Every structure is written in structure tokens, then in C-alpha cells.
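Participant: return a 3D structure for these sequence lines:
(chains A and B)
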Amino acid sequence: MNGQLKAAPSSHAGQPGPAPAAPPGLAMRGPWTIEMLARNGEVLHRHRATSLPIRVGRAYDNDFIVDDDHAAAHHVEIGAGADGNLVLRDLGSRNGVVHGGRRVQQVVLDGDTVVRMGHTSLRVRAAGFPVAPELLDRTMHGWEGLLPGAAGVLLAALVTLLVAWLLDAQPFELLYYVQAPAWGIGAALLWSSPWAFLNRLFGRHARLGRHLFIFGCGVAALVGVQLGARVLAYAGSYEWLTRYGSHAVVATVAGIVYFHLATIRPPLRRRLRALCAGAALLGSGLVLIANEQRHGRIADELYMSVLLPPQVRVSPDATVADYMDSVAAMRAQIDAERAKPGQ
Amino acid sequence: MKHLALALILSCLAAGLAGAQSDMTPRPAAVPAAGRGAGATTLPLIPPLVTPPHLPPSAPPGVSPSAPAPGEVDDQDALPPPSSAAQDLYAAARGDLLQIRMLLKNGHTQSTVGSGFLVGSGNLVVTNYHVVSQMALDPDVYTAEYVDTDGNRGPVELMAVDVLHDLAVMRIDRNGSGFFKVPERPVRLNQGQRLYSLGNPLDLGFAISEGAYNGVVKRSFYDQLMFGGPINSGMSGGPSVTGNGVVAGINVSKRRDGESVSFLVPVRHAQELLRKVATQERPPRDFNPVIAAQLLAHQREMVDRLLEEPLAIKSMGPYLVPVRESGQLRCWGRSNIKAATAYTSDAMSCAMEAAVYVSATQQTGHVSMTHQYIRSDSLHPLPFATLASRLFRTDQPRGAGNARLAKPHCTERFVHTRTLPLRAVTCVRAYRKFEGLYNFTLLTASTDAAESSLQSRLDISGVSYDNGMRVTQAFLGAFGRNPRR
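Facilitator: Here you go, the predicted model:
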């Protein structure tokens, strides 16, 4: 367990990997800080001690008091060792001291050493312990709060309104155009709330406004990509754009998820990018497999069903004879298909 | 006779339970005519034999269009009690009347039941093709047996099939008494002449029904005789005879929307098939090539008849559309109610009334064409384009449809006929077991206007590639814009 703790990034520094260990001499210069750690390595509590030895336990005459039922009244003592290092010694407790998964009587503390006594994980650092360099702030605090949140909600509402308008083939009804944006706003809140909750859980702040903004932009991108693909496919006879349209959707959704994740843990951007790209590839693969299973072909549709006003189109018309030639050209493929064993 | 009595008692009971709401003319007998509703819900129903096709087409391209099925599964009509002439006839004929059962080879479970009859004093049995289609198509899975009126059973051997006229000839291990006479020359019948139809209705037992000959029907692709009497499911393949035992036709189907209107295959097709069997020594090992050859002959005739003169041109709004209306192809029109939508839609549909039955899941040799013209004054061009796209889309069914067909391939282009630019999609599927046969679907949508759209669909099933192309080209090339508008 200690090994894991050592490898885990210190959340305070926000730096992946362990900080450089202090040279032995510095450990003897006080004051010293005792840190109580959570299982994931986060510091829960810090206490400063000005002199050695530091005594730790539940009793009120200790230098550092732990409220842990599994710790002894006087559990350990931290003092100077023979070679100038800090040493932690068990004072004869029942549960003992565990380091590196094994119960030990005493252990040398180098600043990154985490020991467990009872249910409490401790680390001790001297004043001279070198910390990781300051990180560049990429959080974009300006894109937070009410304004981006409202923009995201508005965007979602407008996009649903646009889609509702496009799909409306009934005589005008006000209720329809009131309901449509309401659905969009509801979806924005439903989608963003869990992300805000995760953000609060792993990143201290909820950042709901940012998540709403990401959702609004994401939905706009999703619809924009779909409409754009249709217009392009129809205008230039690029039927493959609609035939494989679901992959653009998968990629866009992966992008949305990436921005949500990067909001929660900005320092992990590169890793999250790889993760989302992998997920997108997996999603696309699943779409291909599902199409093959259901229809016997990897494309989403048999033919392009998009019809748009004539002004949109730039590709030329074929003659009936040309068209019949392309129908005749299909024959070889179809006969090959017949020869394949039945499904 | 016991079976007949049982059948009558059963139908009486059913009628009594259902409240005996009779819409049939009462007969001078103590037995009330059974209500039509009596057993209708207990049997799986097929769609009515003839209905105007739905518009816009709901079937995806490359799928066999639904077509009328022979009346193998049908709702019940109770048989009228026999007259004394019929009783005498039945008594004389019962020895040569057979029930034909399709059995699963694995476990000998019964899968379908039909009727058949021994011809003359030989060992050949005539029945409908659709009664034995499973055995013809999948001889590895299905086998068959006959059961006579005394309950004796025996194996049957399929000798020949005629898919187009829905006939089959089988050989069994016993000889007929010579009652059913299939004459060498076609039988002359007078309209109104009494005929007796025999068979095994609904697997209840052997039965006889009495009716009148009503002339030749030219609506279906191949002529059929109209019989004014009930033919029930299970009676398929049974004979319809004159009073002295001369076979006039073979029971084939009944129209559900008509009252006691049934159809018979003229006996001359059975004569031809029997003559063919007489010259062949042993049955073909594989019936698929035989069926394929018959279907190829059928489509040749069908396409030639379809294209013997140029397609008729009708106008729909500013457009000119090709249709064909003939004895076989009939057309319907339909329009939507304007208050419910922001657009108006007019539709026209022409389809062949009959198709060739190959199996329960495959009907072929069929042509249908539909046109739908939509327009709107109130919709903006973009929502209108979305609507048009939605109507142009036909979804692929689950499981890609029929296992007897290979998966579809499509080609799509913007095409300009003489006067009209179109979006055209042609999808073709090949028949797995019938070499040289394909289903063609052509979808077109006009691309000349932002506020109106003409969408058409042509389905031709069971044609050769060349004929499919011929019909497609004729249809596609006939579109145009009305110059007067």
C-alpha cells in the first residue's frame, strides 16, 4: 500500500510522479510537518512540529494527536537517527507500524515515506524538503460561472429549436416551439449535472457553468457536423459522407467527453486525449460491427436519402444511359454476393 | 363419413359459442350456417389477398414486395350441408381423395396439410405446388406422406412441379379407383354449371362443397376459374369436379374480401404436367433449377407483356409519370387530408394482383409502381427538404430480410431524363437458389424544385438482370415535366 501511495501524485502539488527526495542533511533542519494522507494520496491534515522527537498517538500529551480508534495512546515517536535521518519508532503499540506492506519496528523517513499506524497514513517532511515547480494555470477561470453556463443552455435551446423547425411538417403550433427548447435545456442540465458532481468529487469545484457551456457547444457541433455532412454529400455527390455519418457522431461525442474530463483534471490532458481517441476508435469499430451484423454491410445506410433544394447542388447530372451503365456494372458484385454462403 | 359428420358438429358448436351471427344465406337444413367470426381468431391470419398497396411504399428496396398468397391459411367458412347429389359423389370419390402432409424429417412433426387426388386408376397424385413447396425447396428438411379417407398412410414421391400454375404431381404406392378423370382434352364448362370441390378443410377431415362455375378470371397473370363456393384452407390441391367425376380444376385459393368466391387452376395445366411426367423416368434430384427455369420463363413473358407498348404517361402536378394499367396491373390513387399536415400529398400506385408463390417467405414474378407527389405553400424550403428526405428513406428491416436473397447492392446518381432532373437509386438482390433471377428496386426523387417533390418507386421481383434493366430504363426514361405548366 505504501508503494502505491508513493507513486500516486500529490494532489497539492498537482504533479505526477514523486517529488525529488531531500538530501539527508536537510532532514534534520526543522520545523517538521506531519501530514495525514487519504488513501489516494491527498493530504487531509497538516501539523507543524518545531522540535524533535515528535510523539504521535491518541493521548493528549502527544505532539500530534490522531483520532483513530486503532491507534495506541502513545503509538510512535519520530526522532533523529544515528546517521542524521529522521526515524519513526513503534512505541510498543498493539497494531504496530506498517511500511511497504510489512509490519516494522522502526523506519527511516525520507520525506516521501508513508507509514500506516492503525487506520492513519502519515508522512513527515522537513522544512527544506524541495517541492515540485509551480504549474502553469490552464484552467481558464474566465470561462466559468454564470455567463458561459447561460451561453451553453441558450445554445442547446437554439439547436433544439432549429432541429424542431427542420422536422416540423405540421401546421404551426406554438406549444411545439415552446416544448422543443425546454427539452434542450432539460437535456443540458441532465447531462451537465453528473459531470459537475464528478468535478466536485475529484477537482474540488463543481464548475457547472463550464460543463453546461461544453454541452451547448457539443450539441451545436453534433448538429452542425450532421447538417454539414448532408449538405456536402448532396451538393457534391459525396454519398460516403452520409453513409459513414455515424463515425463523425462518435468522434464528436468523444470530443465532448474529452472536454468534460479535461475540465475535471486539467493536468492530465494528454492522457485524456489518448483515452478519448481510443474510446472513439472503439465506438467506430462497434458501429461497423453492428452494421455488418444487422445489414450485412459496414455502411450505415443503403443509399443516401438526403434531398435538398436544387440551389444547393453543384454536381452534374448523368444521362439515363450513363446511369444504366452503372446499374449494369453492379452485376458482377451481385453475382459474387450470391455465390457467398447464406447467412 | 365419420370425419364429415365430426367436421359439421365441430363447426356447429363453434358457431353456437360465437353467437351464430350469420351473414350467409340460410340453407334449408337444421344446421345453421356457421358465423364468419366463429373461428377467425383462432387461426393465424394472412393479409387480405387483395388490398390497395400502402403509400408511400413501406418495404425497403431489395425486399420482395408483399404479394397475395394462395389460400393455404385462411379464415374459416363453414361448409354448407351437402345435397344428396354431393353425398353420392363424395361416397364414390372418397377412396381416391388424399390428405397430403408435409413432415419435418427430424421428428416427423406435421408442418402443413393440404389435399390431393389420385388421377384415374394410376398411382399419380395431383396437388398444388404450394402444398409441397417445402419438400421441393428443402428436401433435406422436409418429407411428405399421404393419408387417405380410411386413415391409411404412405410415402409420397415428388415427380414434377409447375410453380407458375401452382401444381405438383406426386407418385404414391397405391392406385386409384378410376373415379377422378383427367381428360386428354380441356373440359368445356358452362357458366352456372354445378361443380363439387373436395378436400380436407382446416385439417378437420375430408369434405365436399358445392358451388357454381363462374367463368374465367383474367386478373391474375395466369387464367383461373372462378368457383362460387367455399374453399377452405387445407382444401388446396383437392379437385373440383363435375357431377360425373370429370376434373374441371384444382382448388387453389379464395378471396377473403369476397363471399364464397374461390379460384381453381384450370385442369389443362394439370394435363400438361401429367403428360410431362409420363415421359420422365425418375423425378429430378434437385427442384431448384426446375423452379428457376419456370420462373425465368415467367419473367420473360411478364416483362414482354409489360413493355409490349410504351408505358402510359399520367400527370401529377407539373410532372409526368409512367404507369401501366392492364388486366394484371391495377392502379389506385390516394390523397392526404390537408388539415393534418402542412403539405399535400397525392399518391398513385399500380401493382400486379397476383404473384408467383415460391415459398411461404418468398413470392416473386411481381411488378409494382408507386408515385407520390408532395408540395407545400407554407413550409420553408429547408423543413420541406427534411420532409422529402424522410419520405425518400426506406429503412432496412431487421436481419436484412430474406435468407433466400443475397444482400442488396445499390447504385445512386443524379440523372437527367429528357425534361426532368432526378435522384435515382437502383438496388438489386440476387436469388440465392435460383440462378439468373434478381429483384430490382428503383427509387427516384425529382430535384428540380424546392417546394415540391415527386418520389416514385418501382419494384420488379424475380427477373433476369437484362429484363430488370429494361424495365428500369423504360420507367426511368419516361419521367418528365409537363410543358403546359
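
Participant: my guess is residue A:185 meets residue A:153, correct?
Facilitator: Yes. Residue A:185 is in contact with residue A:153 according to CB atoms under 8 Å; the separation is 5.5 Å. All C-beta spots, glycine's among them, are computed from the backbone N, C-alpha and C.

Participant: and the two? which has more neighbours close in?
Facilitator: Ranked by neighbour count (other CB atoms under 10 Å in any protein chain shown), residue A:185 and residue A:153 place residue A:153 first, with 21 against 17.

Participant: could you verify my assumption that the more buried one touches residue A:212?
Facilitator: Yes. Counting by CB under 8 Å, residue A:212 is a contact partner of residue A:153 at 5.7 Å.

Participant: can you list residues touching both of those two?
Facilitator: Taking CB atoms under 8 Å, 6 or more residues apart in numbering or on different chains as the criterion, residue A:153 and residue A:212 both touch A:188-189.

Participant: the helices in the chain, which residues?
Facilitator: Just so you know, I chose chain A. Secondary structure of chain A by DSSP state H: the helices cover A:2-7, A:146-167, A:174-203, A:208-236, A:240-243, A:245-264, A:269-295, A:320-329, A:331-339.

Participant: you answered for a different chain; I wanted chain B.
Facilitator: Under DSSP H, chain B gives helices at B:2-17, B:84-93, B:129-137, B:267-279, B:288-306, B:381-392, B:465-477.

Participant: go through those and pick out the most buried.
Facilitator: Among these, helix B:129-137 has the highest mean neighbour count (mean count of other CB atoms under 10 Å in any protein chain shown), at a mean of 25.

Participant: what's next to that one, contact-wise?
Facilitator: With contacts defined as CB under 8 Å, 6+ apart, helix B:129-137 is touched by B:70, B:72, B:100, B:102, B:111-112, B:114-116, B:141-144, B:158, B:161-163, B:165-168, B:170, B:236-237, B:287-288, B:291, B:357-360, B:433.

Participant: now, of those, which are buried?
Facilitator: Among the contacts of helix B:129-137, those buried by neighbour count (16 or more other CB atoms under 10 Å in any protein chain shown) are B:70, B:72, B:100, B:102, B:112, B:114-116, B:142-144, B:158, B:161-163, B:165-168, B:170, B:236-237, B:287-288, B:291, B:357-359, B:433.

Participant: just the ones of these in strands?
Facilitator: When these are checked against strands (DSSP state E), the matches are B:100, B:102, B:112, B:114-116, B:142-144, B:158, B:161-162, B:167-168, B:170, B:357-359.

Participant: quick one: residue B:281 from chain A, how far?
Facilitator: 32 Å (CB to the nearest CB, to the nearest Å).

Participant: which non-adjacent residue is nearest the residue of the stretch 151-300 of chain A found nearest chain B?
Facilitator: At 4.1 Å from chain B, residue A:296 is the closest residue in the stretch 151-300 of chain A, using CB to the nearest CB. Among residues not flanking residue A:296 along the chain, residue B:407 sits closest, at 4.1 Å (CB to CB, 6 or more residues apart in numbering or on different chains).

Participant: again with residue B:231
Facilitator: Per CB to CB, 6+ apart, closest to residue B:231 is residue B:262, 3.9 Å.

Participant: listing request: residues of chain A with sub-threshold pLDDT.
Facilitator: Along chain A, the model assigns pLDDT under 70 to residues A:1-28, A:341-343.

Participant: do chain B as well
Facilitator: In chain B, residues with pLDDT under 70: B:1-83, B:201-204, B:253-260, B:338, B:395-402, B:484-485.

Participant: need the contact list for the residue of it most remote from its centre.
Facilitator: Distance from the C-alpha centroid of chain B, by CA atoms, centre = their mean, peaks at residue B:380 (44.5 Å). Counting by CB under 8 Å, 6+ apart, residue B:380 makes contact with residue A:165.

Participant: go on, residue A:240?
Facilitator: So residue A:240 contacts residue A:233 (CB under 8 Å, 6+ apart).

Participant: how about 7 Å then?
Facilitator: Under the criterion of CB atoms under 7 Å, 6 or more residues apart in numbering or on different chains, residue A:240 has no contact partners.

Participant: check whether stretch B:283-295 comes near chain A.
Facilitator: No. Stretch B:283-295 lies out of reach of chain A by CB under 7 Å from any CB of the partner chain, never closer than 12.1 Å.

Participant: what do you get for stretch B:419-426?
Facilitator: Yes. Stretch B:419-426 reaches chain A (CB under 7 Å from any CB) through B:421, B:423-426.

Participant: could you list the residues of the stretch 201-350 of chain B in contact with chain A?
Facilitator: Residues of the stretch 201-350 of chain B that fall close to chain A, judged by CB under 7 Å from any CB: B:341-343.

Participant: any chance of JSON lines for the residues you listed, columns neighbour count?
Facilitator: Output for these, formatted as JSON lines (neighbours: other CB atoms under 10 Å in any protein chain shown):
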{"residue": "B:341", "neighbour count": "16"}
{"residue": "B:342", "neighbour count": "17"}
{"residue": "B:343", "neighbour count": "23"}
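
Participant: look up how far chain A lies from the residue nearest to residue B:231.
Facilitator: From residue B:262 to chain A the distance is 37 Å (CB to the nearest CB).

Participant: residues contacting the residue nearest in space to the middle of chain A?
Facilitator: By CA atoms, centre = their mean, chain A has its centre lying nearest to residue A:261, at 2.8 Å. Listed by CB under 7 Å, 6+ apart, the contact set of residue A:261 reads residue A:272.

Participant: any idea how far it is from residue A:249?
Facilitator: As defined by CB to CB, to the nearest Å, residue A:261 lies at a distance of 19 Å from residue A:249.

Participant: and what of residue B:249?
Facilitator: Per CB to CB, residue B:249 is found 60 Å from residue A:249.

Participant: thank you kindly, that will do.
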